[in-house]
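# how does the following fold in three dimensions:
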Amino acid sequence: VNLVLSPRTTREVGRTGALSPDGVSRPFDAAANGFVRGEACGAVVLKRLEDALGDRDRVHAVIDGSAINQDGHSATFTAPNGDSQARLIGSLLARIGLTGADIGYHEAHGTGTQLGDPVEMRAVTTALRTGGGVLHVGSVKANLGHTESAAGVMGLVKAVLCLENRVIPPQARFETLNPRIDLTGTGVVIPTRALPWGPEAGGRASVCSYGMSGTNAYAVLSAAPAPEPVPGPVPGFTISART
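Sure, this is the predicted structure:
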């Protein structure tokens, strides 16, 4: 949950120079000039897959693995460490036996800052483009703003919806690629229209979320397995009434 309840925190964040002066978040775009603070509430119910299937729950997606690390010393409080971000992604993929080719959609942190976006995209191309193929990258912050403590779960929910619907959504507020971002020959695409998620584009989604203090988090998701058919007819339902 993230609520903006006091102007003091906005003033303090504004002192870092990270807020957009025109109130628009534009991840990856040449016109990106900072982020907008947003409010959000997100909740997920986590359950072991075998238990969920045994209980015939509706499974939206499967978390194949997650990992965190820390930037350590950096030049400034707001300066991200791309090497640390790339190591985090690579270490998790190696641990769960996947490569970048298995990822078809990546939900980036994508704050929409001139410093953060190029650093993050270099980490993405370094760690996720080891297996070839097309990788679509987006950030929900263009739709919702930076929801801070809720930003990670917002990205997770978006990635789950992409997996469930097999659709790559267009990146909002994206027109021209930031000139500091070089995607030449990487296979990374910022989608400008809704695209069907075909079988050639990897079967999994991944999500990154980063903290201003240098904490990095990464998760890999796969689609929910097809439910087993219910044997035989449903015998009926018990209901209660006044009489």
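
# flag every buried residue along stretch 185-201.
For stretch 185-201, burial by neighbour count (16 or more other Cβ atoms under 10 Å) applies to 186, 187, 188, 189, 190, 191, 195, 197, 201. Using the backbone N, CA and C atoms, a C-beta is placed for each residue, glycine as well.

# among those residues, name the ones in strands.
Using DSSP state E, the members of the buried residues of stretch 185-201 that fall within strands are 188, 189, 195.

# so which of these is the closest to residue 170?
residue 195 (8.2 Å; Cβ to Cβ).

# could you pull up the residues touching the closest one?
Residue 195 makes contacts with 136, 167, 168, as judged by Cβ atoms under 8 Å, 6 or more residues apart in numbering.

# kindly report the same for residue 205.
Neighbours of residue 205 in contact, by Cβ under 8 Å, 6+ apart: 61, 103-107, 159-160, 162-163, 220-222.

# before we move on, the earlier item: buried ones among the contacts of residue 195?
By the neighbour-count criterion of 16+ other Cβ under 10 Å, the contacts of residue 195 include these buried positions: 136, 168.

# residue 174: which of the contacts of residue 195 is nearest?
Among those, residue 136 lies closest to residue 174 (Cβ to Cβ), at 12.0 Å.

# would you quantify the distance from residue 128 to residue 171?
Note on residue 128: its distance to residue 171, by Cβ to Cβ, to the nearest Å, is 17 Å.

# if you could redo that for residue 22, that was the one I meant.
Separation of residue 22 from residue 171 (Cβ to Cβ): 18 Å.

# neighbour count: these two, which is higher?
More neighbours surround residue 171 than the other of residue 22 and residue 171, with 25 against 9 (other Cβ atoms under 10 Å).

# surely the more buried one meets residue 190?
Yes: in this structure, residue 171 is within contact of residue 190 by Cβ atoms under 8 Å, at 5.2 Å.

# what is in contact with those two at once?
In the contact map built from Cβ under 8 Å, 6+ apart, the residues linked to both residue 171 and residue 190 are 28, 137, 138.

# closest to residue 54 out of those?
Each of these was checked against residue 54 using Cβ to Cβ; the closest is residue 138, at 34.3 Å.

# residues contacting the nearest residue to that closest one once chain neighbours are set aside?
Spatial nearest neighbour of residue 138, excluding adjacent residues (Cβ to Cβ, 6 or more residues apart in numbering): residue 171 at 4.6 Å. Taking Cβ under 8 Å, 6+ apart as the criterion, residue 171 is in contact with 27, 28, 137, 138, 139, 142, 190, 191, 192.

# element containing residue 171?
Mapping residue 171 onto the secondary structure by DSSP states H and E places it in no helix or strand at all.

# quick one on the thing from earlier: whichever of the contacts of residue 205 end up buried, select them in PyMOL.
Buried residues among the contacts of residue 205 (16+ other Cβ under 10 Å), as a PyMOL selection:
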select buried, resi 61+103+104+105+106+107+159+160+162+163+220+221
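
# inside strands: which ones of the contacts of residue 205?
61, 103, 104, 105, 106, 107, 220, 221, 222.

# do I have it right that residue 137 meets residue 187?
No: when contacts are counted by Cβ under 8 Å, residue 137 is not listed as touching residue 187 (10.5 Å).

# how about low-confidence regions in this structure?
Residues of the chain that meet the criterion pLDDT under 70 lie in 130-131, 230.

# quick one: residue 128 from residue 83, how far?
From residue 128 across to residue 83, the span is 15 Å (Cβ to Cβ).
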